[in-house]
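> sequence and predicted structure are below.
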4 protein chains.
Amino acid sequence: MIRIWAIAAAMVAGLISAAAQEPPASAGPVPPALIDDLVVANRILSDRGILDAFGHISVRHPENPTRYLMSRAIAPGIVTAADIMEFDLDSNPVDRRGRSMFIERFIHGEVYKVRPDVGSVIHTHSMGVIPFSITKTPLQPVIHNASFLHVGVPVWEIREAGGVTDMLVRNAALAQSLAAALGNRPVALMRGHGNVVVGPNVRIATSRAVFTDENARMQSVALSFGGPVNYISSEEGALRDSNPSDGARSWDLWKAQALKTTQ
Amino acid sequence: MIRIWAIAAAMVAGLISAAAQEPPASAGPVPPALIDDLVVANRILSDRGILDAFGHISVRHPENPTRYLMSRAIAPGIVTAADIMEFDLDSNPVDRRGRSMFIERFIHGEVYKVRPDVGSVIHTHSMGVIPFSITKTPLQPVIHNASFLHVGVPVWEIREAGGVTDMLVRNAALAQSLAAALGNRPVALMRGHGNVVVGPNVRIATSRAVFTDENARMQSVALSFGGPVNYISSEEGALRDSNPSDGARSWDLWKAQALKTTQ
Amino acid sequence: MIRIWAIAAAMVAGLISAAAQEPPASAGPVPPALIDDLVVANRILSDRGILDAFGHISVRHPENPTRYLMSRAIAPGIVTAADIMEFDLDSNPVDRRGRSMFIERFIHGEVYKVRPDVGSVIHTHSMGVIPFSITKTPLQPVIHNASFLHVGVPVWEIREAGGVTDMLVRNAALAQSLAAALGNRPVALMRGHGNVVVGPNVRIATSRAVFTDENARMQSVALSFGGPVNYISSEEGALRDSNPSDGARSWDLWKAQALKTTQ
Amino acid sequence: MIRIWAIAAAMVAGLISAAAQEPPASAGPVPPALIDDLVVANRILSDRGILDAFGHISVRHPENPTRYLMSRAIAPGIVTAADIMEFDLDSNPVDRRGRSMFIERFIHGEVYKVRPDVGSVIHTHSMGVIPFSITKTPLQPVIHNASFLHVGVPVWEIREAGGVTDMLVRNAALAQSLAAALGNRPVALMRGHGNVVVGPNVRIATSRAVFTDENARMQSVALSFGGPVNYISSEEGALRDSNPSDGARSWDLWKAQALKTTQ
């Protein structure tokens, strides 16, 4: 079924991107507060060990849903506002100016194409989730802060989409397959690689990336006890989805901690 | 039996709180040293990773056992004396002044109602204890600094008290059920959520929250060996309860470490 | 056999300590460099997480083998030269001046009595070793830096020495039993409590405390794989004992790291 | 077969080194940028916990493949350019000036002899890999950043090469056996000791040492789940080998983090 989703998504994407030959037009300036949030998200995820040298975070352009913003290819822990670039949904840069770009930026563009509800996309190599990407053990919610996982966490197998690869999502076709595996969920794991995490905005996506990793670590310990695990149920998760936590509380704390660390 | 306790406690609480219609009266000023201890406890538990952005700590008012003190709804790591608010045992604020309050503050009020011996209540999402909250494996004392766990550590299942919820202790009825599960013990786990830890004062409650988490982590490793575990016995724990450790030694160290970290 | 050792050691100790009625005489001033090493050892073990608020380190007096030096009862991470006190081997203070003393100081005095080769004693609550103190799984050397464990690591069960206790080594009789369990080895575990580590001088004892904890953590992971573990053999360990590592290299590094952290 | 390789390599090395009686000649000055990279590699591996007080990093001399550069025997975390010494491939110092040398420096010289493709050699006590060195569980790639492990990670058993030893690679014969076990691979584990990691240059070798440790930790957790693990295949690894990651991104980040920590 993943294959069918992938094929369908690829067809749609193909129609959209067919004419992309020259640099796309800019959707115009972005509110500084949004750029600041994007920079802070980079710093928070680096400070908390969710991102190391690799991985990236993007936000959709608030004025034009066919554009997104993401840093040039540098480590998230040193990103500043000056490093933010604009891309169209085929992940072509609006104004490259010779800057290096993330090879796997297609993940972002292809997710935005099929998920109009998504305002931010994160790709991490988060160490806590890797074991769930390489075993038959599904990642499931064990803490209420990660109850959004109740809809299931698919594991995307790049071999199904691209056969033998170097494990990187190097093109739109692979990214479309990943986006199809993600479906309408908040998180998908990438086998032997990491995950993709999405949210309506960068603050919620950041929080989801942090709590997905914490949940994975605690679930790993619980599994080591050898008995059954009492997971958060779909009904509980659904109810929680409609009553989200106070995101400002963690954002403000994590921001203060991250900026102190790196400045 | 937990249900029966919960119902009984709810009835008592209902009689007490029935008339609460307007802001309760203040029990008067609190010694600055007590407020300072409460602020320091917030910083210590944040610095040591027992609390992250969520969780809260309260102390009972020294002049009036029907009032308690707790910060407004901010991250414990940034609490200052100016953030401390006063509540009655139905968790109504004495002088709200528009400040946001912890949704789960009812945990504190309902525990104080049924535990006259308790002077401080802590609610954490402590990562070490979560695996014991979602498995059939009981948390038991393996280090003498956590020997207070010898009386047993119940796991409160919110489904038994409230059916399908969003996992939060949003009202007095749920908190009464949790307080009933706690009974006369120092710690109760909350399934898929964290724990509630109590003590005669904020320093002892803080120490218990720290050592409960450390005990859980070491017990987890010991369990992974697959053989029987030699727990601290009830008799040993009881004897230790009557000879508590030098709390000042850890408090002074943790305070120095926490304030250096955040200032 | 442990009981017999304990009884014999207690008899010897009793003869030595029978006349201790008034403060013992001082063995005279100690070279500042030795005091400095003792202070640095406190800071290193705190900085590296081997000691938290509890635990203690002593050195034997270089001029008189019946005296030892140890800090007053404060957290190791804040010890300075001014905190160092002198004790006789019954653990009576030479010049108390109202200072609080570690309840478990008897561990030090009783080990010095029966181990003339020992120049430094450390008692820790080191988290890595606890699982080996509460299971039937013996701690064994898996890294060459901890090859000194090849002689075996006994687990001292306080129940055998004192029946039901509050787990603390509160008197000479308990400490004599622990010293007897230690025998002529470098490390003994204390069930549900921690360990005692000894060495010819404070630098080697400190190094042993660090590598014992690291060894325990790596052995725990290896055990989780479920198959046989290839331990360092007695022959290898014995050969290594005669070719000790360059202790200055770790001491100098750890000292630099510890003093930076706390000053 | 390892023995045969070792014997053959020893014969070749013996011919090369037979005449080494007096200090070898220098291959001349080294570009400061290369020395700087070597110093930074020391700091990075210390900062990230891959090296503690022990372990060492070398680079081959760019002008003369029979010379290599490595620090005198001090902790990697405090190495500066002034500490770098020059050695021939028998690990004799060009200009000792009374400086202490790593006992195990033979590892470097003997690897350079048989691996003309190697420009940098690292020996670590990396905690993550130890469990794989003392069990029958092979270290295998689970994250794409460590896909270079796809060629297999041999475990060198010093007992096979030297019988009962003190576990140290104290001479050329032992080092030749280790180099033979390494063969043409990037990493070999040393039982109860650590690993040897090689690369075409110091930046790639450093990255491999870091990701080998991370891979080991994640594989350990995955193994604890008890089911089959979906490893990165040889085909995927080979394809990735031909498309290496952007090493500058991690190097620049790690360098910034390491120098901030220690200066």
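Noted; the coordinates are in hand.

> what's the burial count for residue A:171?
15 (other CB atoms under 10 Å in any protein chain shown). In short, each C-beta sits where N, CA and C put it, glycine included.

> repeat for residue A:66
16.

> average pLDDT across the lengthiest helix in chain A?
Secondary structure of chain A read by DSSP state H shows that its longest helix is helix A:202-224. For helix A:202-224, the mean per-residue pLDDT is 98.

> next, the angle helix B:202-224 makes with that helix.
60 degrees (axes from the mean of the first three to the mean of the last three CA atoms, to 10 degrees).

> helix A:202-224 near chain B anywhere?
Yes - using CB under 8 Å from any CB of the partner chain, helix A:202-224 reaches chain B at A:214, A:217-218, A:221-222, A:224.

> what sits against residue A:203?
Contact partners of residue A:203, counting by CB atoms under 8 Å, 6 or more residues apart in numbering or on different chains, are A:37, A:41, A:247, A:251.

> quick check, the second one in a helix?
Yep, that's residue A:41 we're talking about. Yes - under DSSP: H, G, I helix; E, B strand; the rest coil, residue A:41 sits within a helix.

> what's the neighbour count on it?
Residues lying near residue A:41 (other CB under 10 Å) number 29.

> try the third one
A count of neighbours around residue A:247, defined by other CB under 10 Å, yields 15.

> can I assume it is in contact with residue A:202?
No - judged on CB atoms under 8 Å, residue A:247 makes no contact with residue A:202 at a distance of 10.6 Å.

> what score does the residue positioned nearest the centre of chain A have for pLDDT?
Most central in chain A under CA atoms, centre = their mean is residue A:122, positioned 2.4 Å from the mean C-alpha point. Listed pLDDT for residue A:122 reads 98.

> list the strands paired with the particular helix or strand that has it in it, with their directions.
Here residue A:122 sits within strand A:120-124, counting by DSSP states H and E. Using DSSP bridges, the strands paired with strand A:120-124 are strand A:56-60 (antiparallel), strand A:194-199 (antiparallel).

> who's in contact with the helix or strand just after the first one?
Past strand A:56-60, heading to the C-terminal end, the next element that is a helix or strand (DSSP H and E) is strand A:67-71. Strand A:67-71 is touched from outside by A:24, A:26-27, A:30, A:34-35, A:38, A:42, A:56-61, A:79, A:83-89, A:94, A:102, A:105, A:108-109, A:112, A:121, with contacts defined as CB under 8 Å, 6+ apart.

> residues touching whichever residue of the stretch 151-263 of chain A sits closest to chain C, list them.
Evaluated by CB to the nearest CB, the stretch 151-263 of chain A has residue A:224 as its residue closest to chain C, separated by 7.3 Å. Contacts here follow CB under 8 Å, 6+ apart; on that basis residue A:224 touches B:131, B:220, B:223-224, C:224, D:224.

> from residue A:260, how far out is it?
Separation of residue A:224 from residue A:260 (CB to CB, to the nearest Å): 35 Å.

> and for residue A:84?
22 Å.

> more neighbours, the two?
residue A:84 (19 against 11).

> on that earlier part again, pairing partners for the residue nearest to the centre of chain A in the sheet, please.
Beta-bridge partners, per DSSP bridges, of residue A:122: residue A:57, residue A:197.

> what does the stretch 101-250 of chain A put close to chain C?
For the stretch 101-250 of chain A, the residues in contact with chain C under the definition CB under 8 Å from any CB are residue A:224.

> so where is the stretch 101-250 of chain A shaky, pLDDT-wise?
Within the stretch 101-250 of chain A, no range satisfies pLDDT under 70.

> now the helices: where do they sit in it?
Along the stretch 101-250 of chain A, counting by DSSP state H, counting those that start in this stretch, helices occupy A:106-114, A:130-133, A:158-162, A:172-182, A:202-224, A:234-241, A:247-262.

> which other helices and strands contact the second one?
Using 3 or more CB pairs under 8 Å, 6 or more residues apart in numbering or on different chains; DSSP states H and E as the contact criterion, the neighbours of helix A:130-133 among helices and strands are strand A:187-190, strand A:194-199, helix A:202-224, helix D:202-224.

> would you mind writing the CA trace of the third one as PDB?
Presented in PDB, the C-alpha positions along helix A:202-224 are these (Å, rounded to 0.1, in the frame of the first residue of the first chain):
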ATOM      1  CA  VAL A 202       7.700  25.300  14.000                       C
ATOM      2  CA  ARG A 203       7.100  25.300  17.700                       C
ATOM      3  CA  ILE A 204       4.800  22.300  17.700                       C
ATOM      4  CA  ALA A 205       7.100  20.400  15.300                       C
ATOM      5  CA  THR A 206      10.100  21.100  17.500                       C
ATOM      6  CA  SER A 207       8.200  19.900  20.600                       C
ATOM      7  CA  ARG A 208       7.100  16.800  18.700                       C
ATOM      8  CA  ALA A 209      10.700  16.000  17.700                       C
ATOM      9  CA  VAL A 210      11.900  16.300  21.300                       C
ATOM     10  CA  PHE A 211       9.100  14.300  22.900                       C
ATOM     11  CA  THR A 212       9.300  11.600  20.200                       C
ATOM     12  CA  ASP A 213      12.900  11.000  21.100                       C
ATOM     13  CA  GLU A 214      12.200  11.000  24.900                       C
ATOM     14  CA  ASN A 215       9.300   8.600  24.400                       C
ATOM     15  CA  ALA A 216      11.500   6.200  22.400                       C
ATOM     16  CA  ARG A 217      14.100   6.100  25.100                       C
ATOM     17  CA  MET A 218      11.600   5.400  27.900                       C
ATOM     18  CA  GLN A 219       9.800   2.800  25.700                       C
ATOM     19  CA  SER A 220      13.200   1.100  25.100                       C
ATOM     20  CA  VAL A 221      13.700   0.700  28.900                       C
ATOM     21  CA  ALA A 222      10.200  -0.500  29.500                       C
ATOM     22  CA  LEU A 223      10.600  -3.100  26.700                       C
ATOM     23  CA  SER A 224      13.800  -4.400  28.400                       C
END
